[in-house]
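**Student:** Dropping a prediction and its sequence here:
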Amino acid sequence: MSHEILQNIWYLLIGVLLTGYAILDGFDLGVGVLSPFVARGDRERRLLLNAIGPFWDGNEVWLLTGGGALFAAFPHVYATVFSGFYLALMLVLFALIVRAVSFEFRSKVESEGWRRAWDWVFFIGSLLPALLTGVAVGNVMRGVPLDAQMEFTGNFLTLLNPFSLLVGLTGLAMFITHGAIYLMVKTNGAVAERAKRRAVSGWTVLVILAGLTTGVAAVDVPARFDNYSRTPIAWAVPILAAIFLAVTRISLRRGEAGRAFLFSALSIAGLMGIFGLANYPYLLPARNAVEYGLTIYNASASQKTLTVMSVIALVGMPLVIAYTAYIYYIFRGKARVEEGGY
């Protein structure tokens, strides 16, 4: 394959990996954020942990794989993002670490205060990644200050601009809605009823924030609409995303939890597709000067590197997908609180 074709393939593959992360880790982050609001008492809190227990660490692999693919396929982007966004990324990493620790440490001591403390760690460790990953997406869409050497020239506060915070809140609402629907699928009784109410309110907030984000983007970053103007067929993706969101709400009203979860996942894929099409071919636009932006063409690895990676992906991706599907099949059905669980 030509170098240009490979560059486009890896733009798409990295998008697929990040979309997989948003769908899979999105629901367990959402469960963590919802935990203080849908669980009453120790038994129900353990039920939430057991609902995501078999999956959460495997879900995070999609983020690691996406980061590794970015490093190998577009090393200049990886270097710029991981140096310029260093503090934000360290916050996300620290939150994910203490969140993982909370799963294992919560029941090590028979003390209500001990468990409650780790429950709050679980909540905060879910909230920060859910919010900050959206903020990162907002900055990638809006563009950041770069110089001619592809280096970030801003600081941490530069990343906390109103548009990116708005995208962060939109992403948070998306994860909360997805997590609440997942709890409807995996639990029964009072927890499922509370989760349904949170799913409906989360969906409403998501739709409002998504509409607001679109309006603000039209004013703040109108260049992100250029691809849709040049290629009208690209509008099929936003239209499909809107349809998926509508079907999610209809399924919630009918109490069809499984169908709602499917279309919630498709909605996330659609929203990620909107972002990917809007940014193409940029991986990291420059806010200060268009020519400094990092694209799939000026920031990619060599043709040989992309070719070798493609062969590895052809072998590895089906294995990852098959393994993931097998795990979800094995642990299908409603979650239960058992002696050996969390």
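**Tutor:** That came in fine, so what should we check first?

**Student:** Which residues are in contact with residue 13?
**Tutor:** Counting by Cβ atoms under 8 Å, 6 or more residues apart in numbering, residue 13 touches 69, 73, 313. C-beta: built from backbone N, CA, C; applies to glycine.

**Student:** Next: residue 192.
**Tutor:** Neighbour list for residue 192: 183-184, 257 [criterion: Cβ under 8 Å, 6+ apart].

**Student:** That one sits in which helix or strand?
**Tutor:** Element membership of residue 192, judged by DSSP states H and E, is helix 189-220.

**Student:** How many residues are close by the nearest residue to residue 185 once chain neighbours are set aside?
**Tutor:** Excluding the flanking residues, the one nearest residue 185 by Cβ to Cβ, 6 or more residues apart in numbering is residue 257, at 4.7 Å. Look at residue 257: counted by other Cβ atoms under 10 Å, it has 21 neighbours.

**Student:** Residue 180 is in contact with residue 257, correct?
**Tutor:** No: here residue 257 lies out of contact with residue 180, judged by Cβ atoms under 8 Å, at a distance of 10.1 Å.

**Student:** Please enumerate the helices of the stretch 1-150 of the chain.
**Tutor:** 3-38, 41-52, 56-73, 75-84, 86-105, 112-142 (DSSP state H, counting those that start in this stretch).

**Student:** wait, the stretch 201-342 of the chain
**Tutor:** Going by DSSP H, counting those that start in this stretch, the stretch 201-342 of the chain shows helices at 226-230, 236-254, 257-279, 303-330.

**Student:** export the ones you listed to a markdown table and tack on distance to residue 9 and mean pLDDT?
**Tutor:** Below are the helices of the stretch 201-342 of the chain laid out as a markdown table (distance: least, Cβ to Cβ, whole Å; pLDDT from 0 to 100):
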| stretch | distance to residue 9 | mean pLDDT |
| --- | --- | --- |
| helix 226-230 | 18 | 95 |
| helix 236-254 | 18 | 97 |
| helix 257-279 | 13 | 97 |
| helix 303-330 | 7 | 92 |
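
**Student:** ok, residue 173 - how many residues close by?
**Tutor:** With neighbours defined by other Cβ under 10 Å, the count for residue 173 comes to 23.

**Student:** any idea how far residue 285 is from the nearest residue to residue 73 once chain neighbours are set aside?
**Tutor:** Spatial nearest neighbour of residue 73, chain neighbours left out: residue 10 (4.1 Å); criterion: Cβ to Cβ, 6+ apart. The gap separating residue 10 from residue 285 is 18 Å, by Cβ to Cβ, to the nearest Å.

**Student:** swap in residue 198?
**Tutor:** Distance of residue 198 to residue 285, given as Cβ to Cβ: 35 Å.

**Student:** How far does stretch 314-332 sit from its chain's centre?
**Tutor:** Relative to the chain's own centre, stretch 314-332 is displaced by 19 Å; criterion: Cα atoms, centre = their mean, to the nearest Å.

**Student:** any residues touching that stretch, and which ones?
**Tutor:** Outside stretch 314-332, the residues that reach it (Cβ under 8 Å, 6+ apart) are 24, 54-55, 58, 61, 65.

**Student:** Pipe those into CSV and attach distance to residue 253 and pLDDT per row.
**Tutor:** What follows is the contacts of stretch 314-332, written out as CSV (distance: Cβ to Cβ, whole Å; pLDDT from 0 to 100):
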residue, distance to residue 253, pLDDT
24, 25, 95
54, 30, 91
55, 27, 92
58, 32, 88
61, 34, 88
65, 36, 90
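
**Student:** and those residues, which two are the farthest apart?
**Tutor:** Pairwise distances across these (Cβ to Cβ) peak at 19.1 Å, for the pair 54 and 65.

**Student:** Between these two, tell me which one has more neighbours.
**Tutor:** Just comparing residue 54 and residue 65: by other Cβ under 10 Å the higher neighbour count belongs to residue 65, 20 against 13.

**Student:** Quick check, that one in contact with residue 17.
**Tutor:** Yes: taking Cβ under 8 Å as the definition, residue 65 is a contact partner of residue 17 at 5.4 Å.

**Student:** in which helix or strand would I find the nearest residue to residue 137 once chain neighbours are set aside?
**Tutor:** Spatial nearest neighbour of residue 137, excluding adjacent residues (Cβ to Cβ, 6+ apart): residue 167 at 5.6 Å. Assigning secondary structure by DSSP H and E places residue 167 in helix 162-186.

**Student:** Give me the distance between that helix and the centre of its chain.
**Tutor:** That offset, for helix 162-186, works out to 9 Å (Cα atoms, centre = their mean).

**Student:** how about stretch 152-167: buried residues?
**Tutor:** 152, 154, 159, 161, 163-164, 166-167 (16 or more other Cβ atoms under 10 Å).

**Student:** and if you look at stretch 165-180?
**Tutor:** So for stretch 165-180, counting by 16+ other Cβ under 10 Å, buried means 166-180.

**Student:** average pLDDT across that stretch?
**Tutor:** Here stretch 165-180 scores 98 as its mean pLDDT.

**Student:** Good, we can wrap up now.
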